[in-house]
Structures are given as structure tokens and as C-alpha cells.
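the sequence and its predicted three-dimensional model are supplied below.
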Amino acid sequence: MADSPVRWGILGTGGIASTFVTDLGLTDSGVAVAVGSRSQGSADRFADEFGIANRHASYESLVADPDVEVIYVATPHPMHHDNAILALRAGKHVLVEKPFTMNAAEAREIVRVAREHGLFAMEAMWTRFLPHVAIIRDWLARGVLGDVVTVTADHGQWFAEDAGFRLFAPELGGGALLDLGVYPVSFASMVLGTPSRIVSMSDPAFTGVDAQTSMLFGYENGAQAVLTCTLRAKSPTRAAIVGSDGRIEVEGDFYAPAAVTLVPRNGAPTRVASVHEGRGLRHEADEVARRLAAGDLESPLMPLAETISIMETMDTVQARARQNA
């Protein structure tokens, strides 16, 4: 870590911004020094709640704040592209909420601008940085599963049908896939990489966004991933990685701090309990601080090329689902 905490600017004042700043307060790696909203009242309310000194009534004013080193982009999905590029062109590093963008083309442009300006950029896929995921990566690196055969993951939540709620609103990037499905897709990407074959099926909500999407991915090595997401019901939200010599089971909610169990083909299971403080977003903030201290422009745990690949996969999922409608 650097000698002094990273100075964060918070772009957006919604629920995920509140969660991030609350978790940031549990770290020694960073501090929220500024917040920006589209109105002074919203910025002031957020700043008062979290004790933030600098309050900005526009995103342009926030990214111009000389006290800010990194911008956390916490606006709805369709705004990520413009907000991230605004920050980068102002000379600020960025942590962009998931999904990184609405599509792969937007993701590629953010990455291009970040690299042109020599600035750090990362998708805020907080799952990647959780302690239980570090354990999973270690088990996989040691080859304890043998050949990985199947990855399964689901993410289903129940939401009351409300056309004004962001998950049902097309103009806010609503739908199960972008908001919920990105977690299973990213999990499968972490384990198996980019799929070579994609089959998908979606059913629409009353506003036209996808209410439920199921995906089957195939890989060059013969492995498969079976992934689902839905706005219509609370699913088990578990994940598993199945190999020829054993399997890893992640208890629900797999995308949040969770317990993991290694079940060998022969022998007794090993369960590692979840021990954590906060919601879990503190770990991605710590990762940003580590990378900035090292002079890195991206994280090896959530590389920019993989973020683009994930968005390309999601683009294909949506296209194939339309073909199967």
C-alpha cells in the first residue's frame, strides 16, 4: 500500500455508492474525499451521511476536483461509458461498477482511453477480490480438481414489478442479464476463460427487458458452464466447479463473502468458513490501492482484456436469446 490513503471521488449517490463508501471506511487504504451528483441537494445529503468534505453538483465538477485521485463510477449501467471517459479525460483513475458497460464496444473505448492517458481502470466486480475466491483460485492453481468439467452458477432475486424500478427500466439498463447474470458469467470466465460456443434463452418482463436468461457455454477443452439469472424469484445463488478429481461448492450467495467446500472424489471434504467484516466491497478498494502503489494500470485479478471478453460474451448471449425467442 501507499504511505497515504487513496483519495476517492464518488460519482453517483445511489445504493451501491453508499455500500462502497461504508465498506471503504473499514479500510486503511482509501478515503472518500468528494462526491458528485446531478444536484447539489443529493450531493450534500450523501456527503453529510458519510462525512465527505467536497460536494459537487455535477460530475464535471467532481472529476475536476484536485483532491481526487480515483473516481468510483456508481451510476446506472447506461451511464458508465460516458462517466468513466469523463473521469479519464480529466486525468483520474477509474473503478467502474459492474457491468462495466452496456456492451463490448463501450468497454473497448473505455480501455482505449485509459491506456491513451496512462491511467488505471478496473471493473468493480467485487466478487473477484473476496477471500473465498482467493481460496478457489489457489485450489485451481494447485490442480486439486484435476480437469475442470463443469461450472454451474445461478443468480436469481425477486423484485416487485415496477416500471420505474431500474431493473425493469430499459432506459436504465434493466434486465436480469446485465445486473444479475454478469456474476455467473464472470465466475465462469474466471474459471474457464472465454467460451467457444454459446446457447442462450431469455423471457421478457412486462417492460421488455429480460426477466430470465439461461446460458450454456462450451469451451475448447470440452468443459461446459450452465448459468442462470432471473428477476422473478430468489434462487439458491450457489456456484460449483466440478472436476475429474473433485469439486468446489460455494454456498449462497456465491458472489458475496461465502463459505467454500472442497469435496475430493475420494476422501473427506474440507470446508472453509466465511470470516469477513462489512459487505465485501472493501476488498476491491484495497486492490485499487495496491495496484496504484505498484504503478500498475490494471489488476491481474480482473484484467481489462477479460472485462472486454465478458462483455463480448454477454453481447452474444443477448443476440442468441433474440434468435431463440
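Ah, there it is.

please tell me how far Val33 sits from Ser274.
Distance of Val33 to Ser274, computed by CB to CB, to the nearest Å: 31 Å. Backbone N, C-alpha and C define where each C-beta goes, glycine included.

which of those two has more neighbours?
Between Val33 and Ser274, counted using other CB atoms under 10 Å, the more crowded position is Val33 (18 against 14).

wasn't that one part of a strand?
Yes: Val33: assigned to a strand according to DSSP: H, G, I helix; E, B strand; the rest coil.

does it really touch Pro66, like I thought?
No: in this structure Val33 lies outside contact range of Pro66 using CB atoms under 8 Å: 10.3 Å.

shared neighbours, those two?
With contacts defined as CB atoms under 8 Å, 6 or more residues apart in numbering, no residue is shared by Val33 and Pro66.

what about Val182, which helix or strand?
If you go by DSSP states H and E, Val182 is part of helix 182-192.

next: Gly143.
Gly143 is part of no helix or strand when elements are defined by DSSP H and E.

cool, the one 3 residues further on as well?
Applying DSSP H and E as the criterion places Gly146 outside every helix and strand.

tell me who's in contact with it.
In this structure, Gly146 makes contact with Gly243, Ser244, Asp245, Gly246, judged by CB under 8 Å, 6+ apart.

shaky segments in the protein?
For the chain, the stretches flagged by pLDDT under 70 are 1-2.

which stretches of it form helices?
Listed in chain order, the helices found in the chain under DSSP state H are 15-24, 40-50, 59-63, 80-89, 104-116, 131-141, 176, 182-192, 282-294, 304-323.

orientation of the last one relative to helix 182-192 in degrees?
Right, helix 304-323. 120 degrees (axes from the mean of the first three to the mean of the last three CA atoms, to 10 degrees).

same question, the first one
Between helix 15-24 and helix 182-192, the angle comes out at 60 degrees (the same axes, to 10 degrees).

does anything pack onto helix 15-24? Which helices or strands?
If you count contacts as 3 or more CB pairs under 8 Å, 6 or more residues apart in numbering; DSSP states H and E, helix 15-24 packs onto strand 6-11, strand 30-36, helix 40-50, helix 282-294.

again, only this time at 10 Å
Here helix 15-24 touches strand 6-11, strand 30-36, helix 40-50, strand 70-73, strand 93-97, helix 282-294, going by 3 or more CB pairs under 10 Å, 6 or more residues apart in numbering; DSSP states H and E.

now the ones you listed as TSV including distance to Ile198?
As requested, the helices and strands packed on helix 15-24 are exported to TSV (distance: least, CB to CB, whole Å):
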stretch	distance to Ile198
strand 6-11	33
strand 30-36	37
helix 40-50	40
strand 70-73	28
strand 93-97	24
helix 282-294	27
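
relative to Glu312, which of the ones you listed is closest?
Among the helices and strands packed on helix 15-24, the nearest to Glu312 by CB to CB is strand 93-97 (16.6 Å).

how far off helix 15-24 does that closest one point, in degrees?
Using the same axes, to 10 degrees: strand 93-97 against helix 15-24 is 120 degrees.

strand partners (parallel or antiparallel) of strand 93-97?
Partners of strand 93-97 in the sheet, by DSSP bridges, are strand 70-73 (parallel), strand 121-124 (parallel).

just put these in JSON lines and tack on distance to Met311.
Shown next, in JSON lines, are the strands paired with strand 93-97 (distance: least, CB to CB, whole Å):
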{"stretch": "strand 70-73", "distance to Met311": "15"}
{"stretch": "strand 121-124", "distance to Met311": "9"}
